[in-house]
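1. Structure, please.
(chains A and B)
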Amino acid sequence: MVTDTGGIDDHSFNAESWAGMQDAASASGGKIGVSYVQSATENDYTSNIASLVSKGCKMIVTVGFAMADATTASSKKNPNQMYAIVDNASSGSKIQGLQFNTAQGAFLGGYFAAAMTKTGKVATFGGAKYPTVTVYMDGFWEGVQYYNAQKGKNVQVLGWSEKTQQGTFDTSANPFGDQSGGKSIAQTFQSQGADIVFPVAGGTGIGALEAAKASNGALNAIWVDDDGFYSNSAYASVIMTSVTKGIATAVKTSVTDAYNGKFTSTSFIGTLANNGTGLAPFHDFASQVPASLQSELATVKADIISGKIKITSANQPTA
Amino acid sequence: MTTATVTPHAEVAAPSKDRSKLVGGISQAVVGAFGLWAFALGERTSSGADTIFGFSLTHGQSQVSVPAQATALTLSAIALACGLVRIFAPVGKTVLRWLSVLYIVCMVLAFLVWAAAGSSIGLNVPSILEQTAVATVPLVLGAMSALVSERSGIVNIAVEGQFLSGAFTAALTASMTGSVWVGLIAGMLAGAAMSSLLALFANRYMIEQVVLGVVINVLASGLTGFFYDRLMALNGAEYNTPPIFNALRIPGLASIPVIGPLFDQNIVFYAAFLSVPVLWFMIYRTRWGLRTRSIGEHPLAADTVGIKVLGLRYKNMFYAGLLSGLGGVWLTIGNTGQFGKDMSTGRGYIAIAALIVGNWSPVGAFAAAVMFGFALELQTALSPLSTPIPGAFLQMAPYLVTIFVVAVLGKKVRPPAAENKPFKKG
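-> Residues are numbered from 1 along each chain as shown, chains lettered A, B, ... in the order given. Prediction:
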């Protein structure tokens, strides 16, 4: 496996991917050997992939859409090598794309937020305007609109509009690691009347959690990518739920399939149906979530899976 | 944004020559007229929309709704008048300065009235003030740090690295001891260690200081990143869950409407803003200040009258590091708690830009830092209001302001003469 520049302990997709690799190894009873190399900069992608090829790895997992070009180039040179790439589509006959339609999970998050808000305003912001970020924001936005249409309410979304594709993003040089910026954005949302914030911004989002913690209950958060109750346990008291992205499971499946000779170049797309995305448990907030809402969420989830609810976001991954 | 760029030009230009008074006045008037056309007569305000200003941190309380067009019209007209007065009226320097302030306030307000026109969310004034001040804290501390070192003749590009090492050390030590005060002291000392390293290479080994500063920034980023991976990422509960400074509410002042929230902050916040008058006094009114300025302007002369140039440079670099270390302390235990890789996100560089824009003076650097802080906050406050300005443009605002101001002021500002010149005795 080749990590992106975030490194193996990024608490995000690199760590998740590595967890999936390790799961595959332990599930196979040690028959699958796994290892990783870290990319310090974007210039390391090509040489890192090449080093794994020469090491004789059967399957190479590259993490992040930024590595797509390097992976394709390596595949052309080594036509029999198997690859999987996280957050990008399949290309060629030997690269399997592992993608996640997180708009579906975020749709549930948006519906949940719209039902839980007391002020009638919910907010979201992104680290930077990448499709893997805005797909969450689109889903969240659509979830709120769906709630409004169903209930005849008018819950507003601050920080993003799917129609205009304009919204609030961190402005700093390190948009996924700017905690001060995240805190400031969340506090501004609070002053504009929002009481739930959904940051899609990695480390920047931790600042939003801090803002929620400092607000004494006036602001709560929905975490992103993994279950924030565990990954940011210091802020468990303000995390209502999380919109998850099942990278680890997808990587594990892909690696295991390759080992068993079942490699496919068809993209894997994580959805609500295959638990590739979803809504995490409410944990500390469980007692505040009415049973009626829980059953509504189950219905909405079933409707998305059955296609009764259509998610229109243009940022959704396509095979 | 154009508003903020033109006026400082006029401010600096005013004292020098009649011609610059004319140029400044004309540019102010032109921008004022543009405001009249765009903000007051544009379609966003002409439809009879209202602009809502909130005067309480809690949304929905004590809101004032003003008719957007009339307000923008009045404000732009006043701004235009300020420009015209500057061109034609024979007024003194002090009046000119106040005219400039009035001009900026009117143009910024006219812009805000226009931007928020017709939005049901409106602008929350206390929140904008508070967030601007909060964003300004590290910029002020960084700028004051660079001021002390550059006034002594050493370029301090390494503010960013001092922020990072201060932020990391503060978070680590505060987590391990559970005391913010230990974190405060350790963070400041870590900043000072970084700046002393810079002083050592600059003074003793006479390395080009800009290159050196960049190298130290990379070193700080690498070191803190390495220890983050080895300690904090593996055991965040023990090494990266620091306590945060509690807010110290100043009785009386904190109850004032609108500006009250500025007096309900923590000690690092107050220290940052107090550092400006204190440093002004130290630099211009004390023996230490005179000596510091002399070794930054003409170290040989200073040496001739018996000032220990190198000794003072080492000392001042240490003090400078304490200040930027405090800026780092703010980033973690002063504001958001946990440390994250490269969390200073370029603020050290903006702080240095503030110092240059502010012409190496404490008050000027402070004003520039506030301006950058405001530009940073503005995009956050405006982005939910569906303004016609593209989001990417709002995000660029702080950096565009920097480039414009530095370009416009380019020839008017003068660094200390001996900056980046190692001193060699004899």
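
2. can you tell me which helix or strand residue A:224 belongs to?
-> strand A:220-225 (DSSP states H and E).

3. same question for that strand, mean pLDDT?
-> Taken as a whole, strand A:220-225 carries a mean pLDDT of 94.

4. What is the neighbour count of residue 310?
-> Going with chain A. With neighbours defined by other C-beta atoms under 10 Å in any protein chain shown, the count for residue A:310 comes to 8. Where C-beta positions appear, they are placed from N, C-alpha and C, glycine not excepted.

5. Sorry, I should have been clearer: chain B.
-> 17.

6. Next, work out how far apart it and residue B:321 are.
-> 17 Å (C-beta to C-beta, to the nearest Å).

7. and the strand holding residue A:224 with chain B, contact?
-> No. Judged by C-beta under 8 Å from any C-beta of the partner chain, strand A:220-225 stays clear of chain B, getting no closer than 13.6 Å.

8. Beyond that strand, next helix or strand please.
-> Counting by DSSP H and E, the element after strand A:220-225 in chain order, helix or strand, is helix A:228-231.

9. First-to-last residue distance for stretch A:225-245?
-> End-to-end distance for stretch A:225-245: 5 Å, by C-alpha to C-alpha, to the nearest Å.

10. same question, stretch B:52-72
-> Stretch B:52-72 stretches 13 Å from its first residue to its last (C-alpha to C-alpha).

11. buried sites along it?
-> Residues B:52-54, B:56-57, B:59, B:68-69, B:71-72 are the ones in stretch B:52-72 that count as buried (16 or more other C-beta atoms under 10 Å in any protein chain shown).

12. so which of these also contact chain A?
-> With C-beta under 8 Å from any C-beta as the criterion, these include B:54, B:57, B:59 near chain A.

13. Return the subset of those residues lying in strands.
-> Here DSSP state E is the test, and these give residue B:54 as lying in strands.

14. what's the closest of the ones next to chain A among the buried residues of stretch B:52-72 to chain A?
-> Chain A lies nearest to residue B:59 out of those, by C-beta to the nearest C-beta, at 3.5 Å.

15. quick one, phi psi at that closest one?
-> According to degrees, to the nearest 10, the main-chain angles of residue B:59 amount to phi -60, psi 140.

16. Near the residue lying closest to residue B:228 once chain neighbours are set aside, how many other residues are there?
-> Leaving aside its chain neighbours, residue B:228 sits nearest to residue B:341 (5.6 Å; criterion: C-beta to C-beta, 6 or more residues apart in numbering or on different chains). Applying other C-beta under 10 Å, we find 22 residues neighbouring residue B:341.

17. Report the separation between residue B:341 and residue A:206.
-> Distance, residue B:341 to residue A:206, by C-beta to C-beta: 12 Å.

18. Kindly report the same for residue B:415.
-> 38 Å.

19. More neighbours: the two, which one.
-> More crowded of residue B:415 and residue A:206, by other C-beta under 10 Å: residue A:206, with 29 against 16.

20. Once you drop chain neighbours, what's closest to the more buried one?
-> residue A:179 (5.3 Å).

21. Tell me who's in contact with the one you found.
-> Counting by C-beta atoms under 8 Å, 6 or more residues apart in numbering or on different chains, residue A:179 makes contact with A:203-204, A:206-207, A:210, B:331, B:335-338, B:340, B:343.

22. how about a cut-off of 7 Å?
-> By C-beta atoms under 7 Å, 6 or more residues apart in numbering or on different chains, the contact set of residue A:179 is A:203-204, A:206-207, B:336, B:338, B:340, B:343.

23. ditto for residue A:219
-> Per C-beta under 7 Å, 6+ apart, neighbours of residue A:219: A:186, A:190, A:195, A:197, A:211-212.

24. from those, which single one is nearest residue A:245?
-> The nearest member of the contacts of residue A:219 to residue A:245, counting by C-beta to C-beta, is residue A:197 at 18.6 Å.

25. Surely that closest one is in a strand?
-> Yes. Secondary structure of residue A:197 (DSSP: H, G, I helix; E, B strand; the rest coil): part of a strand.

26. For it, name its beta-bridge partners.
-> Using DSSP bridges, the beta-bridge partners of residue A:197 come out as residue A:123, residue A:221.

27. can you list the residues of chain A near chain B?
-> Applying C-beta under 7 Å from any C-beta of the partner chain, we find that chain A lies next to chain B at A:7, A:9, A:158-159, A:166-169, A:171-174, A:177-180, A:183-185, A:187-188, A:191-193, A:203, A:206-207, A:210, A:234.

28. how does it look with 6 Å?
-> With C-beta under 6 Å from any C-beta of the partner chain as the criterion, chain A comes near chain B at residues A:9, A:158-159, A:166, A:168, A:171-174, A:177-180, A:183-185, A:188, A:191-193, A:203, A:206-207, A:210, A:234.

29. picking that back up, report the two of the contacts of residue A:179 separated the most.
-> A:204 and B:338 (11.8 Å).

30. Those two: who's more crowded?
-> Using other C-beta under 10 Å, the more surrounded residue of residue A:204 and residue B:338 is residue A:204, with 32 against 26.

31. nearest residue to that one other than its sequence neighbours?
-> residue A:182 (3.9 Å).

32. circling back to that earlier point, ok, the contacts of residue A:179 vs residue A:312, which is closest?
-> Residue A:312 has its nearest neighbour among those in residue A:204, at 27.2 Å by C-beta to C-beta.

33. if I look at that closest one, how far off is residue A:158?
-> From residue A:204 across to residue A:158, the span is 16 Å (C-beta to C-beta).

34. Then residue A:10?
-> For residue A:10, the distance to residue A:158 - C-beta to C-beta - is 28 Å.

35. Kindly report the same for residue A:9.
-> Applying C-beta to C-beta, the value for residue A:9 to residue A:158 is 32 Å.

36. Looking at the two, which one has more neighbours?
-> A direct count of neighbours by other C-beta under 10 Å for residue A:9 and residue A:158 places residue A:158 higher, at 23 against 18.

37. Spell out the residue ranges of the strands in chain B.
-> With DSSP E as the criterion, chain B has strands spanning B:50-54, B:63-67, B:123-124, B:248-249, B:264-265.

38. Direction included, what does the fourth one pair against?
-> Pairing partners of strand B:248-249, with direction, according to DSSP bridges: strand B:264-265 (antiparallel).

39. got the contact list for the strand it pairs with?
-> Here strand B:264-265 makes contact (C-beta atoms under 6 Å, 6 or more residues apart in numbering or on different chains) with B:247, B:249, B:254.

40. Could you give the number of residues near the closest residue to residue B:397 other than its chain neighbours?
-> Leaving aside its sequence neighbours, residue B:397 sits nearest to residue B:375 (C-beta to C-beta, 6+ apart; 4.8 Å). As a burial measure, residue B:375 scores 23 neighbours (other C-beta under 10 Å).

41. can you tell me which helix in the chain is longest?
-> Using chain A here. Counting residues, the longest helix in chain A under DSSP state H turns out to be helix A:131-151.

42. actually chain B
-> helix B:125-151.

43. Could you confirm whether it reaches chain A?
-> Yes. Helix B:125-151 reaches chain A (C-beta under 6 Å from any C-beta) through B:127, B:131.
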